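Colleague: build me a model from this:
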Amino acid sequence: MNDSDAVLFADEGSGIVSLTLNRPKGNIIDSEMVARLKLHIQTKCTEPSVKAVILTGAGPNFSFGASVEEHLPATVAEMLRDLHGLLRTMFNSGVPFVAAIEGYCLGGGLELAAFCHRIFGAPGSKYGQPEIQLGVFAPVASVILPQRVGQAAADDLLLSGRTLDSDEALQVGLIDVQTEDPLKEALRYAQEHYGKKSASSLRLAVRASRNRFHQQFEEDIDTLETMYLGQLMSTLDAVEGIGAFLEKRQPVWSNS
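Modeller: Below you'll find the model as predicted:
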């Protein structure tokens, strides 16, 4: 697969564009996919005429999450830096993002979707932050989920690692709309509610509506990245959990 295939770009009309994660069936978010997303957002998605970006996934699932292999000690620092840089690029674009979710939306995939301004999910879609099951935590989700669903629901997702079905995700506000055709409805919403607006005014409105959160994100993500690399990755259990996942076995926790 060529680099350019990892993310597909399309012009949907009325100033709406789409970015499709293109690694069916799991659409694993690795360094290559992060780089392609960032490049598209910095170039094609910031054209003056663009009014909104639809994020979706090819195949039956939005994303199984970030590459577990890249969580290993040798690559985790670069992986975190790149992923957090992608989210900063989304912020800095000033463009509204809308997610269309089919199937599983987990880990780094849910972090990416949760940064969107509106989320459309299919009946039967599944949502979760399973990082704690691998002995690690999710820095980005730790910042964005309390903003989206409140602290109690965020704690449930982050500390249990359990998966929510679409009904429960809708109930807690993790997704905004449940629909049989998320991509169709996301496009309809974007064209109706963003496509008729001034692109320049929309970008200022996006920055204004999330001004405080942007400041909080920049402050918190640096702290959590330091905690992850300096404390978490020095524990035995973080390395054990990731290794057990890659070796397809149950982890043996030492609680240290």
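Colleague: rest of the way, CA atoms for contacts and neighbours
Modeller: Noted.
Colleague: name the nearest residue to residue 244, ignoring sequence neighbours.
Modeller: residue 251 (5.2 Å; Cα to Cα, 6 or more residues apart in numbering).
Colleague: pull up the gap between that neighbour and residue 230, please.
Modeller: 22 Å (Cα to Cα, to the nearest Å).
Colleague: equivalent analysis for residue 135, please.
Modeller: For residue 135, the distance to residue 230 equals 15 Å [Cα to Cα].
Colleague: compare these two (neighbour count), which wins?
Modeller: residue 135 (20 against 11; other Cα atoms under 10 Å).
Colleague: mind checking pLDDT for the more buried one?
Modeller: We have a pLDDT of 97 for residue 135.
Colleague: in the stretch 51-200 of the chain, which spans are strands?
Modeller: Applying DSSP state E, counting those that start in this stretch to the stretch 51-200 of the chain gives strands spanning 52-57, 97-101, 104-106, 118-121, 126-128, 163-165, 177-178.
Colleague: of those, which stretch is the most buried?
Modeller: Comparing these by mean neighbour count (mean count of other Cα atoms under 10 Å), strand 97-101 ranks first with a mean of 28.
Colleague: in terms of secondary structure, what does it contact?
Modeller: On a contact count with 3 or more Cα pairs under 8 Å, 6 or more residues apart in numbering; DSSP states H and E, strand 97-101 meets strand 52-57, strand 118-121, helix 182-193.
Colleague: so what sits opposite residue 29 in the bridge?
Modeller: Counting by DSSP bridges, residue 29 forms beta bridges with residue 66.
Colleague: show residues contacting stretch 73-87.
Modeller: Residues from elsewhere that reach stretch 73-87 (Cα atoms under 8 Å, 6 or more residues apart in numbering): 30-31, 34-35, 37-38, 70-71, 112, 115, 140, 221, 225, 229, 233, 239.
Colleague: kindly report the same for stretch 6-24.
Modeller: Outside stretch 6-24, the residues that reach it (Cα under 8 Å, 6+ apart) are 5, 27, 32-33, 36-37, 40, 45, 49-63, 187, 190-191, 195-196.
Colleague: now it - C-alpha only, PDB.
Modeller: Extracted in PDB, the C-alpha atoms of stretch 6-24 (Å, rounded to 0.1, in the frame of the first residue of the first chain):
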ATOM      1  CA  ALA A   6      -3.500   5.500   4.000                       C
ATOM      2  CA  VAL A   7      -6.000   8.500   4.000                       C
ATOM      3  CA  LEU A   8      -8.400   9.200   1.100                       C
ATOM      4  CA  PHE A   9      -9.400  12.800   0.400                       C
ATOM      5  CA  ALA A  10     -12.600  13.800  -1.400                       C
ATOM      6  CA  ASP A  11     -14.300  17.100  -2.300                       C
ATOM      7  CA  GLU A  12     -18.000  16.600  -1.300                       C
ATOM      8  CA  GLY A  13     -19.200  20.000  -2.600                       C
ATOM      9  CA  SER A  14     -20.500  23.100  -0.900                       C
ATOM     10  CA  GLY A  15     -17.100  23.600   0.800                       C
ATOM     11  CA  ILE A  16     -17.300  20.200   2.500                       C
ATOM     12  CA  VAL A  17     -14.400  17.800   2.200                       C
ATOM     13  CA  SER A  18     -13.900  14.300   3.600                       C
ATOM     14  CA  LEU A  19     -10.900  12.300   4.900                       C
ATOM     15  CA  THR A  20     -11.300   8.600   5.000                       C
ATOM     16  CA  LEU A  21      -9.000   6.300   7.100                       C
ATOM     17  CA  ASN A  22      -8.200   3.700   4.500                       C
ATOM     18  CA  ARG A  23      -6.800   0.600   6.200                       C
ATOM     19  CA  PRO A  24      -9.700  -1.800   6.400                       C
END
